[in-house]
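[1] build me a structure from this.
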Amino acid sequence: MTGQGNVPVTDLLPPRSRASLERGPARPTAKLLEALDALLVIVPADAPDFGALPGGAAVAREHARVPRTAGACYSAMRGDARVCVGVLAAGATPFQRLALAGRLAKDLAAQSPARVGIVSLLPAHEHAATNEALLAAVLAAGEPQPRFRSRPRPEWTPKRVVVFGAADLERVAAVERGAHLARWLTALPPNVLTPRSYRAAVARLARSRGWGMRVYDEAALRRAGCGAFLAVVRGSATRDAAIVHLRY
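    All right, here's what the predicted structure looks like:
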């Protein structure tokens, strides 16, 4: 990276998610659903069975009201809770599954529910992958992003997310923290994320995570023969470019 300027390190790293992740039973009960503001459900395109949901008859009626093809998203009400349903084609790819989960989470964010449930009504061998896609999408939709507007858009972060059935919550949360960091840094302008401030932020991460870190400044890169990189940094008025090597 090349650039100039400096800002406090605390401005460069995203805040941690405040969402509480919980593992529920394989299927939600009526009592558990009553404690939620919204439920995200993915169903098969071929004859979905809503019988596994307490009060699922109302959702089934909404599903049957108009033709629902693969990729469709719609909402139905169950008491005071909104049920957001996505229809997945048989043999869908992981990308198609995640894309559908993303559309559901985007619709959900517009409602700003505090307590969210996640459940798959697909065949049992697809539950884990589907629940994990929905969880990743909800966490991503609720991420704060850098704000530079005088009137920033309102943000939504769920306070509680309950996943019903199989899912590796810890792995999904860890992957999403890494993706959030990458998206956050990408959104920062070059007068904020400079080589110097970027190294300071990375050093803070390395200290907190116990990573090894080595910085190769211009002198070290010149000795190593990194001519292509050095040719690029000559365009910077502030000669603070470097390459960081992290070890885990």
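
[2] residues in contact with the helix or strand in which Val138 is found?
    Element membership of Val138 [criterion: DSSP states H and E] is helix 127-141. Residues outside helix 127-141 that contact it (Cβ atoms under 8 Å, 6 or more residues apart in numbering): 17, 19, 21, 40, 42, 88, 94, 97-98, 100-102, 104-106, 108-109, 116, 118-120, 122, 156, 158, 161, 163-169, 171-173, 175-176, 179-180. C-betas here are computed from N, CA, C, even on glycine.

[3] if I look at the most centrally placed residue in the chain, how far off is Arg234?
    Central residue of the chain (Cα atoms, centre = their mean): Ala140, 2.2 Å from the mean position. Going from Ala140 to Arg234 by Cβ to Cβ, to the nearest Å gives 38 Å.

[4] do Ser112 as well
    Separation of Ser112 from Arg234 (Cβ to Cβ): 49 Å.

[5] more crowded one of those two?
    Counted by other Cβ atoms under 10 Å, Ser112 and Arg234 do not tie: Ser112 has more neighbours, with 14 against 10.

[6] SS state for that one?
    When classified by DSSP: H, G, I helix; E, B strand; the rest coil, Ser112 comes out as coil.

[7] hang on, the earlier thing: where's the residue nearest to the centre of the chain relative to Gly178, distance?
    In terms of Cβ to Cβ, Ala140 sits 12 Å off from Gly178.

[8] tell me which element the most far-flung residue of the chain relative to its centre is part of?
    Largest separation from the mean C-alpha position in the chain: Arg223, at 40.8 Å (Cα atoms, centre = their mean). Secondary structure from DSSP H and E places Arg223 in helix 218-224.

[9] please apply the same query to Val163.
    Going by DSSP H and E, Val163 is part of strand 160-164.

[10] what angle do that strand and helix 127-141 make?
    Here the directions of strand 160-164 and helix 127-141 differ by 170 degrees (axes from the mean of the first three to the mean of the last three Cα atoms, to 10 degrees).

[11] in the helix or strand following strand 160-164, which residues are buried?
    Next helix or strand after strand 160-164 toward the C-terminus (DSSP H and E): helix 169-187. Buried residues in helix 169-187, counted by 16 or more other Cβ atoms under 10 Å: 172-173, 176, 180, 184-185.

[12] could you dump those residues into TSV with distance to Ala64 added?
    Formatted as TSV, those follow (distance: Cβ to Cβ, whole Å):
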residue	distance to Ala64
Val172	32
Ala173	36
Glu176	35
His180	38
Trp184	43
Leu185	46
